[in-house]
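**Student:** This is a predicted model, with the sequence first.
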Amino acid sequence: MTDFGGFPQILSLFYATFHPTEGTKVLYQVPPGSVVKSTDSSAFNVPLFDFESINSYIIPKPQLCNKLLTLRVNNYRIVSHPVHIWSSIYARNSFLFNFCFVFHKNADVSAYNPVVRKLSKMFQALEEQNKFLSSSLVNEGLKSIVDQIFEDLNNYCECYIPIDEANRINIKLFPLHRPPPHIKAFHVPISTVQLKAVMDVNWDPTMEKIVEFIDGINSVRKIAELADTDYGLTRKCIQHLMYYGCVIVVDIFQFSNSYACTPDISALAEDEHIDEECQAYVASPGAKKRNGCDLLELYCSLHSGQTVRDWYLANREQLRGIDIRRFISFGIIKGIIYRVNVFPVLEDINASAVDPTDKRLVRLTNKTKHFDDICTDLQISREQALRSLEKYGDVVLVLA
Amino acid sequence: MAGSARRKLLLMGRSGSGKSSMRSIIFSNYSAFDTRRLGATIDVEHSHLRFLGNMTLNLWDCGGQDAYMDNYFSTQRDNIFRMVEALIFVFDVESKELRKDIETFVLCLRNLYEFSPAAKIFALVHKMDLVVVEKRQDVYRALMKSLEDTSAMFSFKVQGFATTIWDESLYKAWSSIVCTLIPNVTVFQRHLQTFADISEADEVILFEKTTFLVISHVTNVSSPGFRSDSTRFEKISNIIKQYKQSCSKLRAQFQSLSLRGSDCTAYLDTMTANTMIMVIMSNKTDSRGSTDLLGNSDTNADGDDSFAGEAENNIILANIKIARKMFEKIEMMNPDER
């Protein structure tokens, strides 16, 4: 699972409205006294911030209404969605209200934005249907709803409150991740969770078919082939799994690949957890765990001029009891080594002199794609590709 | 352009007293009926209005809810009360807490005394249509007495008006207020007098084009038995403005107007880009027959009458055209010139 530190706590939740003669006022707040002074015995001595200084932003001018509005005041961040309902049934032709969530200024509130929006829209609908909010100035029902949302979201990250036969509040907090990167056909997904265990009958049929082929060896293209599913759908499924942190994606493992260290190699030396994890992961079944120093030395011996095969031959002794594929995978996943790709570049070629069968191949080299990409696309081996290209002139191999 | 004069006007009063309604009628072409659909003013609404060529009115329509008032007199004090040219305080004649309203007024004066001691003070006793006609004078005078006394405590002189959006009194108040702010209003007066004398007009009125507030007027009354309605200027403002609005509803742009009555004729035409002029001439020709509004004589009268009217029309228009350049210059004058 991606590093998720948990949802930030709601420090205060309050409901404010615009009174025709009094102006902006806070009707309900939880915990008591957090926003405006309260006579409650358990109230805060001093509110979290000065409400008067920001009241024009809690019930703002019409241009700022009906949108998500976030503001910073002192050490706090307030996420709100002020609502402005125009109708001649109200005094002064409008009804304005706002449910506001108060967090610490550094909190990551992205998971709450859709919640605040949804809550506001729901109360707007309730108000328009049966004047739920404006019908009485003291609304015990609303007070307990505010209290309950505060408690439930903070304690359980979800909240279910039935309001009447037709309406209910149903909120769940979801972490907002970054959109998943593009996946290429030659990428190899490795699962980080027991996919079969979390799967249930409600999952997508394509997903169900491909899960058993996600083994850290098959590329996306291969998986689609083996599972007999559409390539586009397979790719989308893998992207979804990536979004939720269930798989990570690496290159196809081949002995002809080259790898080299990244600056993060120091993490292996400094961080004990990574060290232990490495030792456990790379050991061949049945073999003894290797020393952390040995592993570090082996990683450092990888460099771009050498294929894995050559490197293996050179270090055969030290590599006893180590699963090479897992060794390389671990390095890639942790970002301590990187794959050196080979880009074939054809120096001047005569376009008309190209054989029709090779036309596609030649076009691909012009687009600066590396061998993995080209070979997966055309489903040929690297030697084949190289031989075909050499027919047309000098091929320069760029390593990056 | 020579330094444009910026005039900050504070429009304050209890919530729901009618401030935004007034503003939209005078400055935004709302009809009195349209103001029903206005919402409450949130915090302060700022409007910048070009008035004539050399003046900008910066109108601060301050929401009157308690929460805002508290702000104005505490954290926002110097922002609100600094550099104020005029305070226009609106009293709702139906207010249940008149004492509190007067206290708020005093608070305004106190702050103005500190931040803008040269500010002009105006009090509008508004919604007079809700008071029975017989009581109106008394209600007005009673309130004004208190206000005059309190203003005197701060060496301010307060000028009062009884107003309602349902008649021309609103125009009277705002014309008077705005005129005190026009930097070179005496120059307008002087030149308008000259124009009236040369044109041999009975009365000449200069209006601002968009708001139709009266900038200046000159009366050269010589005819005996001349009985004038002292509220005629604001009535004209009100009527012509509504007429303009009706025209625009029909997608027609109001340009000029010419009215012939039995004993006088009125011409209303554009003077400059920002002003319109109304010229009232008593009919010199002694028409035997009756003339209707369009200047058509009935068949019994001399055919000469309508011709004379036509000629007179042209002379007035020519006069206006010649005077235009002069008035344009006055408008663009540096506000400090007199």
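**Tutor:** Yep, that arrived.

**Student:** got the domain boundaries for chain A?
**Tutor:** Each structural domain of chain A that the record assigns through automatic domain parsing is listed here as a residue range: A:12-172, A:188-250, A:258-339, A:342-399.

**Student:** who touches the residue of the stretch 151-300 of chain A found nearest chain B in this structure?
**Tutor:** Evaluated by C-beta to the nearest C-beta, the stretch 151-300 of chain A has residue A:167 as its residue closest to chain B, separated by 27.4 Å. C-beta here means a position set from N, CA and C on the backbone, and glycine is covered the same way. When contacts are counted by C-beta atoms under 8 Å, 6 or more residues apart in numbering or on different chains, residue A:167 is found next to A:122, A:126.

**Student:** how much space between it and residue A:338?
**Tutor:** Applying C-beta to C-beta, to the nearest Å, the value for residue A:167 to residue A:338 is 54 Å.

**Student:** list the buried ones in the helix-or-strand element of chain A with minimal mean pLDDT?
**Tutor:** Within chain A, no helix or strand scores below helix A:359-366, which has a mean of 73 by mean pLDDT, DSSP states H and E. Neighbour-count burial for helix A:359-366 flags A:361, A:362, A:364, A:365 (criterion: 16 or more other C-beta atoms under 10 Å in any protein chain shown).

**Student:** try stretch A:238-250
**Tutor:** For stretch A:238-250, burial by neighbour count (16+ other C-beta under 10 Å) applies to A:238, A:239, A:241, A:242, A:245, A:246, A:247, A:248, A:249, A:250.

**Student:** For those residues, please prepare TSV with the additional fields secondary structure and distance to residue A:391.
**Tutor:** Compiled in TSV, those are given as follows (DSSP: H, G, I helix; E, B strand; the rest coil; distance: C-beta to C-beta, whole Å):
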residue	secondary structure	distance to residue A:391
A:238	helix	36
A:239	helix	38
A:241	helix	41
A:242	helix	39
A:245	coil	46
A:246	coil	44
A:247	strand	40
A:248	strand	39
A:249	strand	34
A:250	strand	33
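
**Student:** Can you tell me the element the spatially most central residue of chain B falls in?
**Tutor:** Ranked by distance to the mean C-alpha position of chain B (C-alpha atoms, centre = their mean), the top residue is residue B:175 at 2.4 Å. Secondary structure here is read from DSSP states H and E; on that basis residue B:175 sits in helix B:169-181.

**Student:** other SSEs contacting that helix?
**Tutor:** In this structure, helix B:169-181 packs against strand B:5-13, helix B:19-28, strand B:55-62, strand B:86-92, strand B:120-126, strand B:158-162, strand B:214-219, helix B:232-249, with contacts taken as 3 or more C-beta pairs under 8 Å, 6 or more residues apart in numbering or on different chains; DSSP states H and E.

**Student:** Which one, of the ones you listed, ends up nearest to residue A:73?
**Tutor:** Between residue A:73 and those, the shortest separation by C-beta to C-beta is 23.2 Å, and it involves strand B:55-62.

**Student:** any idea which residue sits dead centre in chain A?
**Tutor:** In chain A, the residue lying closest to the centroid (C-alpha atoms, centre = their mean) is residue A:177, at 2.7 Å.

**Student:** correct me, but it touches residue A:244?
**Tutor:** Yes - the pair residue A:177 and residue A:244 qualifies as a contact (C-beta atoms under 8 Å) at a distance of 7.4 Å.

**Student:** If we go by neighbour counts, what in stretch A:219-238 is buried?
**Tutor:** For stretch A:219-238, the buried set under the neighbour-count rule, 16+ other C-beta under 10 Å, comprises A:219-224, A:227, A:229, A:233-238.

**Student:** okay if I get those residues as JSON lines plus secondary structure?
**Tutor:** As requested, the buried residues of stretch A:219-238 are arranged in JSON lines below (DSSP: H, G, I helix; E, B strand; the rest coil):
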{"residue": "A:219", "secondary structure": "coil"}
{"residue": "A:220", "secondary structure": "helix"}
{"residue": "A:221", "secondary structure": "helix"}
{"residue": "A:222", "secondary structure": "helix"}
{"residue": "A:223", "secondary structure": "helix"}
{"residue": "A:224", "secondary structure": "helix"}
{"residue": "A:227", "secondary structure": "helix"}
{"residue": "A:229", "secondary structure": "coil"}
{"residue": "A:233", "secondary structure": "helix"}
{"residue": "A:234", "secondary structure": "helix"}
{"residue": "A:235", "secondary structure": "helix"}
{"residue": "A:236", "secondary structure": "helix"}
{"residue": "A:237", "secondary structure": "helix"}
{"residue": "A:238", "secondary structure": "helix"}
